[in-house]
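Asker: Let's see this in three dimensions:
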Amino acid sequence: MNLAKSESVPLSFKAPHLYIRRYETSDDQALFTAAIESIEHVYPFLPWCHPAYSIEETREWLATITPDWNKGNGYGFGIFDIETKDLLGGCGFNRIDEHAVANLGYWIRATALGRGVATEATSALAEFAFKYARIRRIEIIMSVENEASRRVAEKAGATYEGRLRNRLYLHGKTHDAHCFSLIPDSV
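Answerer: Model (predicted):
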């Protein structure tokens, strides 16, 4: 569902320590490298980052970014260090419905963990979504086993709304999930 015209949604924005911009096809090698180094901590909760992950999968996924953006179906961003320009991870919002509700997700490469990158990106992305994409509610859903993601949502100021039974299916196993939300007044 396209709530804002895609051309009115900026391609990039800044946070205090981060430069966040729409992925480009030229990010293929940087994204692939970041994903490969991060399989151990990303794969349990984000199956796309699997042990046999390939550069071809990276390129195929990057090719979906602009079409999804243009249709208003999803907005995928790379998270870059504002000084070094190194790719630190990714974030985005998708599953935008007719009620102006979107899902927000994030992942951080292994070498950037513990620096507050996910929290800073989540807060900045929420403000961006409310301002430019006319989103009225953001949901952050994670497996109850994903404590790191839960801490990010809490530190970003999201409100805990409860445990969703059998909400996720990961690696052949059903997981309960925590549901957090952000609304425009909360960021």
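Asker: excluding its backbone neighbours, what's nearest T174?
Answerer: Closest residue to T174 apart from its sequence neighbours, by CB to CB, 6 or more residues apart in numbering: N166 at 4.7 Å. All C-beta spots, glycine's among them, are computed from the backbone N, C-alpha and C.
Asker: So that neighbour: helix, strand or coil?
Answerer: strand (DSSP: H, G, I helix; E, B strand; the rest coil).
Asker: Could you do Y106 as well?
Answerer: Relying on three-state DSSP, one would call Y106 strand.
Asker: And L125, by the same measure?
Answerer: Under three-state DSSP, L125 falls in the helix class.
Asker: neighbours around the nearest residue to H17 once chain neighbours are set aside, how many?
Answerer: What sits nearest to H17 in space, not counting adjacent residues and going by CB to CB, 6+ apart, is I82, at 5.6 Å. By the criterion of other CB atoms under 10 Å, I82 has 13 neighbours.
Asker: Over to the one 5 residues further on?
Answerer: Residues contacting L87 under the criterion other CB under 10 Å number 20.
Asker: Going forward, the N-terminal residue is numbered 238.
Answerer: New numbering, starting at 238: the last item is L324.
Asker: Confirm Y406 sits in a strand?
Answerer: Yes: under three-state DSSP, Y406 falls within a strand.
Asker: For it, grab the count of nearby residues.
Answerer: Y406 has 10 neighbouring residues, counting by other CB under 10 Å.
Asker: can you tell me which residues contact it?
Answerer: H412 (CB atoms under 8 Å, 6 or more residues apart in numbering).
Asker: Bridge partners for it, pull those for me.
Answerer: T411 (DSSP bridges).
Asker: That one and I302: what is the separation?
Answerer: 25 Å (CB to CB, to the nearest Å).
Asker: now do A370
Answerer: Distance from A370 to I302, by CB to CB: 15 Å.
Asker: now E376
Answerer: E376 is 21 Å from I302, by CB to CB.
Asker: what's the answer for Y260, then?
Answerer: Counting by CB to CB - Y260 and I302 are separated by 5 Å.
Asker: shared neighbours of these two, which are they?
Answerer: G313.
Asker: what about the helices in the chain?
Answerer: 265-279, 292-308, 354-369, 384-392 (DSSP state H).
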